[in-house]
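Here is a sequence together with a model predicted from it:
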Amino acid sequence: MKNLFIRIWRETEGQDLVEYALIVAAIALALIVSVKGIATALSSMYDSISLALTSV
């Protein structure tokens, strides 16, 4: 069993795929956060425009 863990620890095959997956996950998280911020800003802008148009 110990030899199996040592072999798995030292094996580098597939390591590139994991690195690319981590990069894609980080980019996706950044996009989600930025889109959520943009959506909040647009929502408040539309609310203020709507309020301005109804008060005229």
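Yep, it's here.

rest of the way, CA atoms for contacts and neighbours
Fine.

now the strands for the chain?
Shown for the chain, no strands are assigned by DSSP state E.

how about the helices of it, start to end?
Using DSSP state H, the helices of the chain run over 2-10, 15-54.

In this protein, where is pLDDT below threshold?
Within the chain, the ranges that satisfy pLDDT under 70 run 12-14, 56.

and if we set it to 80?
Applying pLDDT under 80 to the chain flags the ranges 4-17, 55-56.

list the contacts for the residue most central in space within it?
Relative to the mean C-alpha position of the chain, the nearest C-alpha, by C-alpha atoms, centre = their mean, is the one of residue 29, at 1.0 Å. If a contact means C-alpha atoms under 8 Å, 6 or more residues apart in numbering, then residue 29 has no contacts.

And it, how far from residue 23?
Applying C-alpha to C-alpha, to the nearest Å, the value for residue 29 to residue 23 is 10 Å.

Just name the most buried of the helices of the chain.
Highest mean neighbour count among the helices of the chain (mean count of other C-alpha atoms under 10 Å): helix 15-54, with a mean of 11.

How far off centre is that one?
How far helix 15-54 lies from its chain's middle: 9 Å, per C-alpha atoms, centre = their mean, to the nearest Å.

for stretch 49-56, same thing?
Using C-alpha atoms, centre = their mean, the offset of stretch 49-56 from its chain centre is 35 Å.

Dump that stretch to PDB, restricted to CA.
Taking C-alpha atoms only, stretch 49-56 is exported to PDB below (Å, rounded to 0.1, in the frame of the first residue of the first chain):
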ATOM      1  CA  ILE A  49     -33.700  56.100 -14.800                       C
ATOM      2  CA  SER A  50     -37.100  54.600 -14.200                       C
ATOM      3  CA  LEU A  51     -37.600  56.700 -11.100                       C
ATOM      4  CA  ALA A  52     -36.500  59.800 -13.000                       C
ATOM      5  CA  LEU A  53     -39.000  59.100 -15.800                       C
ATOM      6  CA  THR A  54     -41.900  58.400 -13.500                       C
ATOM      7  CA  SER A  55     -41.400  61.600 -11.600                       C
ATOM      8  CA  VAL A  56     -41.600  63.800 -14.700                       C
END
